[in-house]
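*Asks:* I would like to see how this sequence folds:
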Amino acid sequence: MKKIGILTHYYKSINYGGNLQAFALFNKISSLGYDCEQISFEKKDINPKKSIKRIAKKIIKIPLTLYRTIISKKYSLPKAKKQAFENFNRNIIGHSEVVYNEGNIKDCVDNYDSFVAGSDQVWNFT
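*Replies:* Now for the predicted structure:
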């Protein structure tokens with residue numbers, strides 16, 4: 001049986017749309033009789049300019065973040081909701097045991113017969 005690797009922005013996602021898309025794609029491919037799994041992929045910044053830009057954005061957002069977490073708790077993600085996403089990601093959708101990143105993603109090539117890129121955001125390089 002062919003094994004298919006699915007690459008999406010699924011890993012550690014707390015986004016309803018991303019999880020629904022990953023779940024639907026996984027189930028559809030499985031229903032066609034293929035063995036498939038989400039490839040656990042964690043994007044890490046290798047480019048130092050991108051890292052500096054990301055840090056600058058976080059520094060600029062500090063006052064807003066403080067406001068949201070201290071004064072207005074309605075914007076913070078409830079612990080139960082975060083736990084539900086983690087359980088869904090860990091237990092409902094089959095995923096690779098190895099967590100890949102930009103430096104070692106090529107190591108998964110021999111583990112799958114085919115690949116499916118399951119999100120338009122896979123091609124978003126920013």
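
*Asks:* what about this protein, any weak spots by pLDDT?
*Replies:* Along the chain, the parts satisfying pLDDT under 70 run over 44-51, 66-77, 120-126.

*Asks:* following the longest helix seen in it, which helix or strand comes up?
*Replies:* Scanning the chain for the helix with the most residues, using DSSP state H, yields helix 16-31. Proceeding N to C from helix 16-31, the next assigned helix or strand is strand 35-38, under DSSP states H and E.

*Asks:* returning to what we had before: residues of the longest helix of the chain that come out buried?
*Replies:* For helix 16-31, a neighbour-count test (16 or more other C-beta atoms under 10 Å) marks 18, 19, 21, 22, 23, 25, 26, 29 as buried. C-beta: built from backbone N, CA, C; applies to glycine.

*Asks:* what about the residue lying closest to the last one once chain neighbours are set aside, how many neighbours?
*Replies:* Excluding its sequence neighbours, the residue lying closest to residue 29 (C-beta to C-beta, 6 or more residues apart in numbering) is residue 36, at 4.5 Å. The number of residues packed around residue 36, counting by other C-beta atoms under 10 Å, is 22.
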